[in-house]
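A.B. asks: turn this into a structure:
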Amino acid sequence: MRLSILQRLSKFWAHIQYYKYEPSKPSKSEFLRIPLNNQASWIENNVPEYEYNLYGDNYLGCSYEIDEDTLQEYLDEREDYDTSGLIARQMPEISEDRIDEIYEGAKLSDEELESLKSGIADSDESGWELHSGQYIKVRFGALYALYAGEDMGQGGASFELEHVFANKKLALKYLSKKPMIALESW
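C.D. replies: Sure, this is the predicted structure:
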C-alpha cells in the first residue's frame, strides 16, 4: 500500500512540473502553429531522452492498413496466396462448399472480405505501424506528441512524429479511427 502512495505522489509531482512557467519554451498555441517537421526538431533539441521515452508505458498500440493493390493481388491470385484458406482460418464456421466457391473465384461477401484483410494482416509481421507518444513540456502546460513507426527487430523501432495533440485522449481518439487498430490503453 505504501508503494502505491509513493507512486501516486511521484506521478502527481511529475504532472505538476508541466505547469511551471518556462519563458524559453513556446506556448501551446505557438507550438501547434509551427509545421510538423519544425515541431519534431524542437522536440529532438528540447526534450531529453525523447526517443527512449517512446518505449514502455508510452507505447499505445499498432495499426495495419492494407494496400489496395495487395488486396487485389490476393483476390486475383487466390491459389498462390491460399486466399480461401486465409478466410477459413478467420471464419471457422464457413462451410467447405463456400471455401470451394471462393477458391474458384466467387465474389466475396463483406464479412469474407474483412476476414481476408484480417488474414493478410495476421500473416504480415512487418506491415504493422507502431504508435507511441509522450507529453512534452511547453511554456505553461503540456502537449501530447504522437509518434508512428515500424518495428526494427532487436534494434527497437523507428519512430517519426505524426501529430501533436492537446492531450492523450485526443491522440487515442485519432488513433481509434485507423484501420485494424489494436490499442494498449484507451
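
A.B. asks: domain map for the chain?
C.D. replies: 16-63+127-183, 68-123 (automatic domain parsing).

A.B. asks: and the helices in this structure?
C.D. replies: 2-17, 28-33, 36-46, 68-76, 78-81, 83-90, 96-103, 110-123, 168-175 (DSSP state H).

A.B. asks: how about JSON lines for those, with mean pLDDT, distance to L146 and mean neighbour count added?
C.D. replies: (C-beta placed from N, C-alpha, C; glycine too.) Formatted as JSON lines, the helices of the chain follow (pLDDT from 0 to 100; distance: least, Cβ to Cβ, whole Å; neighbours: other Cβ atoms under 10 Å):
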{"stretch": "helix 2-17", "mean pLDDT": "66", "distance to L146": "19", "mean neighbour count": "9"}
{"stretch": "helix 28-33", "mean pLDDT": "94", "distance to L146": "13", "mean neighbour count": "13"}
{"stretch": "helix 36-46", "mean pLDDT": "96", "distance to L146": "11", "mean neighbour count": "14"}
{"stretch": "helix 68-76", "mean pLDDT": "93", "distance to L146": "25", "mean neighbour count": "13"}
{"stretch": "helix 78-81", "mean pLDDT": "92", "distance to L146": "33", "mean neighbour count": "14"}
{"stretch": "helix 83-90", "mean pLDDT": "93", "distance to L146": "30", "mean neighbour count": "20"}
{"stretch": "helix 96-103", "mean pLDDT": "93", "distance to L146": "38", "mean neighbour count": "14"}
{"stretch": "helix 110-123", "mean pLDDT": "91", "distance to L146": "21", "mean neighbour count": "17"}
{"stretch": "helix 168-175", "mean pLDDT": "95", "distance to L146": "5", "mean neighbour count": "16"}
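
A.B. asks: for Y144, which of those is the nearest?
C.D. replies: helix 168-175 (4.8 Å; Cβ to Cβ).

A.B. asks: distance from the chain centre to that closest one, please.
C.D. replies: 10 Å (Cα atoms, centre = their mean, to the nearest Å).

A.B. asks: residue numbering should commence at 325 henceforth.
C.D. replies: Understood, numbering begins at 325; the last thing we discussed is helix 492-499.

A.B. asks: what is it packed up against?
C.D. replies: strand 383-387, strand 453-462, strand 465-475, strand 481-489, strand 505-507 (3 or more Cβ pairs under 8 Å, 6 or more residues apart in numbering; DSSP states H and E).
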